[in-house]
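> coordinates only, no sequence provided:
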């Protein structure tokens, strides 16, 4: 794992190299995906059945068999160990409670001349949630995508989840039941995205698709963007820990591991002004790593993209944090709120020594779908606002038609748009 | 101009054909744009100077000469005719006043065990606004893009506007001055988008790019999306008018013209339950069209994509409006608020007979950058919220570390993510 210091003369280049992540699209994947999209658009269910047989090894006689009954979801929920069921319920309740505070409501106001202006906020009609299948099946992702949609008032939530070789994940199905998913189809990959975007005889067309997936799913979402909405095309997961050197170094090491265990290109970085504490964290990493079931992934991730960085002070750490704009930022420091005020760009901020990032992944309440790859400079966590949209409302009373009309007419003539001007003028001429 | 009726047995197919608009990307444009992006990324200002000379016929010795001083903007403003200056000021004031109501603020709450959850809302640091040059130069677009960014508290607003053959548009520069744009560069096309996205020695790198442009600009925005945020990739403009048959038919004809005059692929549709009124509107169109300076464009647009549609009643009109999800929707009817309540999908809704769509384009207050091509199903008008972003805030008190930690631990083990579980567990073990 790299050790850096902001004192190094070439620190800026080293940091840039560390953060550099090639997000270029893969033309071969794009071509494969384009062919699948066209095929599902054209042949509908027949294509969906073909790809599901080919990629997932699941062969069924009709597309209707790809849908799971709500009773199947409920049974999965009831089969869970009590501890798991309670944990899922506790997480769902906390996620719901936090997201309810994100609800936006319609507003309007009336001007003295009777003009009414406003904004109507409405939920999306129908949303599709992509959930990866097989080993990387995360019930927490089901909650994090479906609950905000439900809170927003989305009319119908359609979930797609592949079941490679017929393998179903009870936790995922239980989470779907708990979160109030309306319909579940056991399809995945670009073909599932295509079915949601275009609709087939069996799978209804949705207005927006959210949820994580592999490179094919990401490419498919990017390709159908515009026809439907999408949440984001996520990069590898990242954590930036700012520590003053007074937290248990084992805790910090484990927090770095918890992003690194996601995959070999995840990124874990520590910023700390105390070189001795950095040594202690390095020692904790060396001692704890052999115990970790996913140690090969963690080791690769820390080796490829991790870093322990010595900074001059916590102020400098905050400046760097704003440059890095991390997905997850831990402020494992004394008086964390003081330092939080200096942070402009981060997906989620974990304040204080007891707030491990993993609490946020499951049950603190806020969403775990967060902007990656420096997009926290302009993007936000997934939220209720992603499942609502706004329409402007304009009512101009007869008494105001002249006042506003004259302004519009002057500007429209200035832009050479005579019909625009005339449409306003017709409404205030006396003749 | 097509006449349709919902009574026609094949109405659904006819409507689908009318709405169908091929938004497929053009591979040749994509290739040209990719080359320009790479060149500006690599060579910076030198490439920017080359393309500006080649495409705009403007040759300067150094990139610094591409920047317009704020004094130049102010002079443009002061040169305007008083009527134009007042109209621009009135529009800016109304746009600002409406958008101030869209400001989102940070919030947080404390749970009984001391856990604090919240959402910090911050403005973007730096935003780029693309403004088309030449004949289609719209000062109203400058106001509609820059004012929401300013209200959001964006640190710096950079505008790019090409000046083909050196031709500057005083109204555009005046609008930039009035809206508080910080810096203006006279560059355009894909090269301007590249400069904003990657930064050059002269043009600072931005976090998000908004504003309309031609196919090259749109392709460039789509390509840099992810590195920076973008507003949307807009399709042709649309208006849907629902009329009960009691508005002056000339007003309705002119409202249809005012979208049609934008370009040959704009779409203007009327829904009305009264066939005699539809005849009157058709007669108004025939009579008024020859007077319009842009009649060739209007005629092509109405011929290609316009329609006068007879509906059974206003309820059916609202059902169709939700299917069409238009950019602009006029409810030119008695009791418009009753009907507005039935509309789920529209970019902006213009209520009542006196509210011409063109008032919304210039000065009513709401934004004129609106979702097109049925994207109002999931997208919103450009707003202050496009220039703010959110960070989740999580503080878990020591007293809550066990309660939340046990939930996270159970779910993390269920997902096979041991480091996630351990990071939580370390913080509530007593040893």
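Received, thanks. Please read all numbers here as calculations on a predicted model, not as lab measurements. Residues are numbered from 1 along each chain as shown, chains lettered A, B, ... in the order given.
> in stretch A:413-430, what counts as buried?
Buried residues in stretch A:413-430, counted by 16 or more other CB atoms under 10 Å in any protein chain shown: A:413-415, A:417-428. Heads up, the C-betas are built off the backbone N, CA and C, glycines and all.
> what does stretch A:104-120 give?
Buried residues in stretch A:104-120 (16+ other CB under 10 Å): A:104, A:115, A:116, A:117, A:118, A:119, A:120.
> go on, stretch A:128-145?
Using 16+ other CB under 10 Å as the test for burial, stretch A:128-145 gives A:128-133, A:137-145.
> next: stretch A:175-191.
Buried, per 16+ other CB under 10 Å, within stretch A:175-191: A:175-179, A:181-191.
> now the helices for the stretch 101-250 of chain A?
Per DSSP state H, counting those that start in this stretch, the stretch 101-250 of chain A carries helices over the ranges A:139-152, A:170-179, A:189-198, A:215-224, A:249-260.
> first-to-last residue distance for stretch A:375-392?
Its start and end residues considered, stretch A:375-392 measures 28 Å (CA to CA, to the nearest Å).
> re earlier: between the buried residues of stretch A:413-430, which is nearest residue B:34?
Nearest to residue B:34 among those: residue A:415, at 32.5 Å, using CB to CB.
> one step back: any idea which of the helices of the stretch 101-250 of chain A scores lowest on pLDDT?
Ranked by mean pLDDT, these end with helix A:215-224 at the bottom, a mean of 91.
> what's the farthest-apart pair in the buried residues of stretch A:104-120?
Greatest spacing in the buried residues of stretch A:104-120, by CB to CB: A:104 and A:115 (22.9 Å).
> which residues does stretch A:214-225 contact?
Stretch A:214-225 has contacts (CB atoms under 8 Å, 6 or more residues apart in numbering or on different chains) with A:25-26, A:29-30, A:32-34, A:36-37, A:130, A:132, A:188-190, A:192-194, A:197, A:209, A:213, A:230, A:233-234.
> what does the stretch 1-150 of chain A put close to chain B?
A:23, A:83-84, A:86-88, A:90-91, A:98, A:101-102, A:107, A:109, A:115-117, A:119-120, A:122, A:124-125, A:135, A:137-140 (CB under 8 Å from any CB of the partner chain).
> just the ones of those in strands?
A:107, A:109, A:116, A:117, A:119, A:120, A:122 (DSSP state E).
> now render these as TSV, adding pLDDT.
Putting those into TSV (pLDDT from 0 to 100) gives the following:
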residue	pLDDT
A:107	98
A:109	98
A:116	98
A:117	98
A:119	98
A:120	98
A:122	98
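> between those residues, which is closest to residue B:75?
Among those, residue A:117 lies closest to residue B:75 (CB to CB), at 33.3 Å.
> was I right to think that closest one contacts residue A:393?
Yes. Between residue A:117 and residue A:393 there is a contact at 6.7 Å, judged by CB atoms under 8 Å.
> which neighbours do these two share?
Between them, residue A:117 and residue A:393 share the contacting residues A:108, B:366, judged by CB under 8 Å, 6+ apart.
> give me the next element, helix or strand, following the host helix or strand of residue A:288.
In this assignment (DSSP states H and E), residue A:288 forms part of helix A:275-288. Counting by DSSP H and E, the element after helix A:275-288 in chain order, helix or strand, is helix A:295-305.
> which parts of that following helix are buried?
Buried residues in helix A:295-305 (16+ other CB under 10 Å): A:295, A:297, A:298, A:299, A:300, A:301, A:302, A:305.
> residue contacts, the first one?
When contacts are counted by CB under 8 Å, 6+ apart, residue A:295 touches residue A:289.
> report all helices and strands that the helix or strand hosting residue A:391 contacts.
Element membership for residue A:391 (DSSP H and E) is strand A:388-395. Helices and strands touching strand A:388-395, by 3 or more CB pairs under 8 Å, 6 or more residues apart in numbering or on different chains; DSSP states H and E, are strand A:116-123, helix B:336-340, strand B:348-351, helix B:357-362.
> ok, now with 6 Å
For strand A:388-395, the packing partners by 3 or more CB pairs under 6 Å, 6 or more residues apart in numbering or on different chains; DSSP states H and E come out as strand A:116-123, strand B:348-351.
> dump the ones you listed into JSON lines; add distance to residue B:73 as well.
Below are the helices and strands packed on strand A:388-395 laid out as JSON lines (distance: least, CB to CB, whole Å):
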{"stretch": "strand A:116-123", "distance to residue B:73": "29"}
{"stretch": "strand B:348-351", "distance to residue B:73": "29"}
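> relative to residue B:384, which of those is closest?
That would be strand A:116-123 among the helices and strands packed on strand A:388-395, by CB to CB, at 10.8 Å.
> which other helices and strands contact the closest one?
strand A:107-110, strand A:388-395.
> the longest one: partners in the sheet, and parallel or antiparallel?
Sheet pairing of strand A:388-395 (DSSP bridges) gives strand A:116-123 (antiparallel), strand B:348-351 (parallel).
> closest to chain B among the buried residues of stretch A:175-191?
residue A:175 (9.5 Å; CB to the nearest CB).
> where is the longest helix in chain A?
Criterion DSSP state H: the longest helix present in chain A is helix A:82-100.
> give me the angle between the helix or strand of chain A with the lowest mean pLDDT and helix A:189-198.
In chain A, no helix or strand scores lower on mean pLDDT, DSSP states H and E than helix A:215-224, which sits at a mean of 91. Regarding helix A:215-224 and helix A:189-198, their directions subtend 30 degrees when assessed with axes from the mean of the first three to the mean of the last three CA atoms, to 10 degrees.
> domain assignment for chain A?
Domain assignment for chain A, taken from automatic domain parsing, gives A:2-23+A:236-364, A:27-230, A:396-425.
> and residue B:77, which of these is closest to it?
With CB to CB as the measure, domain A:396-425 is the member of these nearest residue B:77 (13.2 Å).
> that closest one and chain B in contact?
Yes. Domain A:396-425 comes into contact with chain B (CB under 6 Å from any CB of the partner chain), by way of A:396, A:398, A:401, A:404, A:407-408, A:410-411, A:414-415, A:418-420, A:422-424.
> identify the residues contacting stretch A:154-162?
A:56, A:123-131, A:133, A:146, A:149, A:176, A:181-185, A:187-188, A:192, A:206, A:387 (CB atoms under 6 Å, 6 or more residues apart in numbering or on different chains).
> pLDDT weak spots in the stretch 51-200 of chain A?
For the stretch 51-200 of chain A, the stretches with pLDDT under 70 are A:135-136.
> gap between the closest residue to chain B within it and residue B:418?
Residue nearest to chain B within the stretch 51-200 of chain A: residue A:87 (3.8 Å; CB to the nearest CB). Using CB to CB, to the nearest Å, we find residue A:87 at a distance of 16 Å from residue B:418.
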